[in-house]
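> just a sequence and a predicted model for now, questions to come.
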Amino acid sequence: MKDWNEKCAVVGIYNAYNASILSYYALFAMQHRGQEASGISASNGQKISTYKNNGLVTKVFNENILEKLQGKSSIGHNRYSTAGEDSMNDSQPIFAKYSLGEIALAHNGNLTNAKEVRKSLIQEGSIFQSHLDTENLIHLIAKSHKNQLVDRIVDALTQIEGAYAFVFLSRTKMFAVRDKYGLRPLSLGKITNPDGTEGYIVASESCAFDLIGAEYIRDIQPGEMLIFEGAYSKHIPTPKSIKIFPHNPYPCIFEYVYFARPDSKVFGKNVYEIRKQMGIQLAKEYKIDADMVIPVPDSGVAAAIGYSRESGIPFELGIIRNHYIGRTFIEPTQSARELKVRLKLNPIAELIKDKEIIIIDDSIVRGTTSKQIIKILRHAGAKKIHLFISSPPTISPCFYGVDTPNKSELICANHTLEEVRDFIGADSLVFLSLEGLRKSISCDDSENFCQACFDGNYIDDFTKANL
Ligand code: AMP
Ligand code: SF4
């Protein structure tokens with residue numbers, strides 16, 4: 001039922017010297033959003049050059065490669081995925097020549113009507129080279145009868161449904177757009193070039209801005225498209241904004257729970273502060289006596305600090321993380337996933353032995369990580385282990401660009417709280433309430449978020465119809 005699709009990071013750099021090097025650093029900052037493949041397209045005003053390959057950003061690119069990606073504008077992409085028969089073809093940016101010239105495109109998200117659109121494009125004669133939803137866009141743009149690229153992009157966007165943050169690069173322009181619900185994040189920043197001229201950056205997360213010294217300006221609004229032009233004139237105008245769809249925000253609440261880096265500003269708010277608030281809220285909802293609060297590193301750290309502060313129970317770094325392996329979630333088989341947890345996390349036995357501990361993590365998906373953690377903590381001699389989760393139970397899969405498994409694999413969707421506790425092996429198990437999560441974001445009742453993975457209420461009719 002669910003298609004695995006790329007969940008990723010996108011960046012666009014406009015009017016900057018060595019734009020591809022800035023894209024490289026931005027992608028490096030956003031490596032956590034995708035570790036499978038990385039790519040950059042750059043334009044020198046005459047032609048677009050693209051390089052992409054499998055692996056981490058530092059493995060894919062070197063000085064020689066970046067030197068060949070010449071130009072003052074570039075876009076880039078990190079891919080996060082578990083499938084695709086030809087992984088290289090399925091990496092981004094996607095590049096194409098068409099009747100108006102050349103275009104490259106990078107996408108973070110998931111198009112919910114991709115199958116239907118692709119089917120009708122194939123019936124009309126299109127030939128596809130990848131399994132990517134994103135390739136639909138290229139075909140829709142190429143086939144559009146409009147005369148200007150901007151109109152063709154708008155034309156194409158009105159035919160697709162789902163979640164997206166797109167960056168498009170033509171030989172002289174760049175376009176950045178968020179879907180009508182603003183499900184996936186995309187922020188705008190300003191770059192000051194060494195000669196004092198200005199350029200722009202758009203990126204999935206603002207941590208990319210910090211690394212290259214760019215200044216955060218604002219988020220691109222849901223349904224808004226920014227058009228960057230004039231890179232080869234002396235004074236670059238501020239990007240032009242077009243409202244393609246009415247403002248109807250439903251940003252993804254899970255970005256705050258897990259996906260985004262804590263040092264990023266996402267949907268206008270700092271992620272670390274929100275995660276700390278989740279811990280504070282959790283302590284307000286569930287207060288027990290224990291010897292210490294221990295985070296599952298790194299995903300539970302900020303919430304554990306918040307929990308400790310609110311409850312007065314000491315915070316300890318009782319589990320140490322080995323950073324030199326990837327995330328556990330992306331392993332294809334269950335046994336490999338279990339091994340990877342052991343490779344990644346090791347408890348400090350001297351600290352834990354004979355202690356009653358509260359372990360804090362951000363979420364439970366399949367339950368594999370938590371089960372292994374409890375096992376290694378028991379082995380290290382913990383007396384009692386309480387697992388506190390700083391988000392509600394994940395009960396529904398995501399169709400909007402976050403990598404979650406099918407409903408049948410989501411442990412909380414198929415078992416009672418007591419069954420989950422028993423499977424995981426904790427002495428107690430609690431979750432932050434959805435209301436508590438929303439409070440942590442300081443949103444009022446009228447503020448909408450997509451929270452479908454926690455409450456099953458999908459925001460678009462297309463997804464509902466295909467559930
Ligand atoms: P699981 O072992 O399947 O229960 O996965 C839970 C762990 O995976 C938690 O420690 C989370 O930090 C992490 N996690 C949650 N959601 C995701 C996701 N979409 N992609 C990768 N890891 C995730
Ligand atoms: Fe985010 Fe969950 Fe909505 Fe997906 S279903 S967009 S992960 S809140």
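Arrived safely, thanks for sending. Ligands and ions are numbered 1, 2, ... in the order given.

> per-domain residue ranges of the chain.
Annotated domains of the chain cover 9-249, 272-442 [automatic domain parsing].

> looking at those, which is nearest to Y258?
Smallest distance to Y258 across those (CB to CB): 4.9 Å, for domain 272-442. For the C-beta atoms, the positions are set from N, CA and C on the backbone; glycine is no exception.

> save the domains of the chain as JSON lines, and put in mean pLDDT, distance to ligand 2 and mean neighbour count too.
JSON lines is the format used below for the domains of the chain (pLDDT from 0 to 100; distance: least, CB to the nearest ligand atom, whole Å; neighbours: other CB atoms under 10 Å):
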{"stretch": "domain 9-249", "mean pLDDT": "93", "distance to ligand 2": "5", "mean neighbour count": "20"}
{"stretch": "domain 272-442", "mean pLDDT": "92", "distance to ligand 2": "3", "mean neighbour count": "19"}
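
> using a markdown table, lay out those domains together with distance to A452.
Below are the domains of the chain laid out as a markdown table (distance: least, CB to CB, whole Å):
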| stretch | distance to A452 |
| --- | --- |
| domain 9-249 | 10 |
| domain 272-442 | 6 |
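
> out of these, nearest to N448?
For N448, the closest of the domains of the chain is domain 9-249, at 6.2 Å, according to CB to CB.

> give the contact list for I227.
By CB atoms under 8 Å, 6 or more residues apart in numbering, the contact set of I227 is 150, 173-175, 239-242.

> which element follows the helix or strand containing it toward the C-terminus?
Take DSSP states H and E as the rule and I227 turns out to sit in strand 224-228. In the C-terminal direction, the helix or strand that comes right after strand 224-228 (DSSP H and E) is strand 240-243.

> strand partners (parallel or antiparallel) of the strand holding I227?
Take DSSP bridges as the rule and strand 224-228 pairs in its sheet with strand 174-178 (antiparallel), strand 240-243 (antiparallel).

> for I280, helix, strand, or coil?
Here I280 is recorded as helix under DSSP: H, G, I helix; E, B strand; the rest coil.

> separation between it and ligand 1?
Distance of I280 to ligand 1, given as CB to the nearest ligand atom, to the nearest Å: 19 Å.

> show me where the stretch 201-350 of the chain has its strands.
With DSSP state E, counting those that start in this stretch, the ranges of strands along the stretch 201-350 of the chain come out as 215-219, 224-228, 240-243, 265-266, 269-270, 292-295, 319-321, 345-347.

> save those strands as CSV, and put in distance to D195 too.
Formatted as CSV, the strands of the stretch 201-350 of the chain follow (distance: least, CB to CB, whole Å):
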stretch, distance to D195
strand 215-219, 17
strand 224-228, 19
strand 240-243, 24
strand 265-266, 28
strand 269-270, 32
strand 292-295, 45
strand 319-321, 42
strand 345-347, 48
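
> closest one to A426 among those strands?
strand 292-295 (12.7 Å).

> which strands and helices sit next to the closest one?
Packing contacts for strand 292-295, counted by 3 or more CB pairs under 8 Å, 6 or more residues apart in numbering; DSSP states H and E, involve helix 301-311, strand 356-361.

> T394: which of these is closest?
The closest of the helices and strands packed on strand 292-295 to T394 is strand 356-361. By CB to CB, the value is 11.9 Å.

> quick one: distance of that closest one to the chain centre.
The chain centre lies 26 Å from the centre of strand 356-361; the measure is CA atoms, centre = their mean, to the nearest Å.

> strand partners of that strand, parallel vs antiparallel please.
When pairs are called by DSSP bridges, strand 356-361 turns out to pair with strand 292-295 (parallel), strand 384-389 (parallel).

> can you list the residues of the chain near ligand 1?
258, 296, 299, 327, 329, 361-370, 402-404 (CB under 6 Å from any ligand atom).

> again, only using 8 Å
7, 80, 254, 257-259, 296, 299-300, 327-330, 337, 341, 361-372, 394, 398, 402-405, 411 (CB under 8 Å from any ligand atom).

> name the single longest strand found in the protein.
If you go by DSSP state E, the chain has its longest strand at strand 101-111.

> what helices or strands is whichever helix or strand comes after that strand leaning on?
Remark: after strand 101-111, the chain's next helix or strand is helix 114-123, criterion DSSP H and E. Judged by 3+ CB pairs under 8 Å, 6+ apart, the packing partners of helix 114-123 are helix 134-143.

> and the helix it packs on, how far out from the chain's middle?
Centroid displacement of helix 134-143 relative to its chain, using CA atoms, centre = their mean, is 23 Å.

> how about the residue sitting furthest away from the middle of the chain, what does it touch?
Distance from the centre of the chain peaks at D354, with 38.8 Å (CA atoms, centre = their mean). Going by CB under 8 Å, 6+ apart, D354 touches 381-383.

> tell me how far it lies from E124.
From D354 across to E124, the span is 70 Å (CB to CB, to the nearest Å).

> what of G401?
For G401 relative to E124 (CB to CB), the value is 27 Å.

> same thing with N62?
Distance of N62 to E124, given as CB to CB: 41 Å.

> just C8 next, same as before
To E124, C8 is 28 Å away according to CB to CB.

> ok, which stretches of the stretch 51-200 of the chain are helices?
In the stretch 51-200 of the chain, the segments counted as helices under DSSP state H, counting those that start in this stretch are 57-60, 63-68, 114-123, 134-143, 149-157.

> then the stretch 301-450 of the chain?
Using DSSP H, counting those that start in this stretch, helices in the stretch 301-450 of the chain cover 301-311, 334-344, 349-352, 368-379, 411-414, 417-424, 434-440.

> TSV for the helices of the stretch 51-200 of the chain, including distance to H32?
Listed next are these as TSV, based on distance: least, CB to CB, whole Å:
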stretch	distance to H32
helix 57-60	11
helix 63-68	22
helix 114-123	25
helix 134-143	21
helix 149-157	28
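
> nearest to Y14, of those?
helix 149-157 (14.9 Å).

> contacts for the closest one?
Helix 149-157 has contacts (CB under 8 Å, 6+ apart) with 100-101, 103, 137, 140-141, 144, 146, 168, 170, 173, 175, 177, 225, 227, 242, 244.

> keeping just the C-alphas, turn that helix into PDB.
Extracted C-alpha coordinates of helix 149-157, given in PDB (Å, rounded to 0.1, in the frame of the first residue of the first chain):
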ATOM      1  CA  LEU A 149       8.900  28.300 -17.600                       C
ATOM      2  CA  VAL A 150       7.200  29.800 -14.600                       C
ATOM      3  CA  ASP A 151       3.800  29.200 -16.100                       C
ATOM      4  CA  ARG A 152       4.700  25.700 -17.000                       C
ATOM      5  CA  ILE A 153       5.800  25.000 -13.400                       C
ATOM      6  CA  VAL A 154       2.500  26.400 -12.100                       C
ATOM      7  CA  ASP A 155       0.600  24.300 -14.700                       C
ATOM      8  CA  ALA A 156       2.500  21.200 -13.600                       C
ATOM      9  CA  LEU A 157       2.000  21.900  -9.900                       C
END
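
> starting at the chain centroid, how far to it?
25 Å.

> measure stretch 288-298 end to end?
Using CA to CA, to the nearest Å, one end of stretch 288-298 lies 23 Å from the other.

> touching that stretch from outside, list them.
Stretch 288-298 has contacts (CB under 8 Å, 6+ apart) with 301, 303-305, 307-308, 311, 313-321, 345, 351-352, 355-362, 369, 373, 384, 386, 428.
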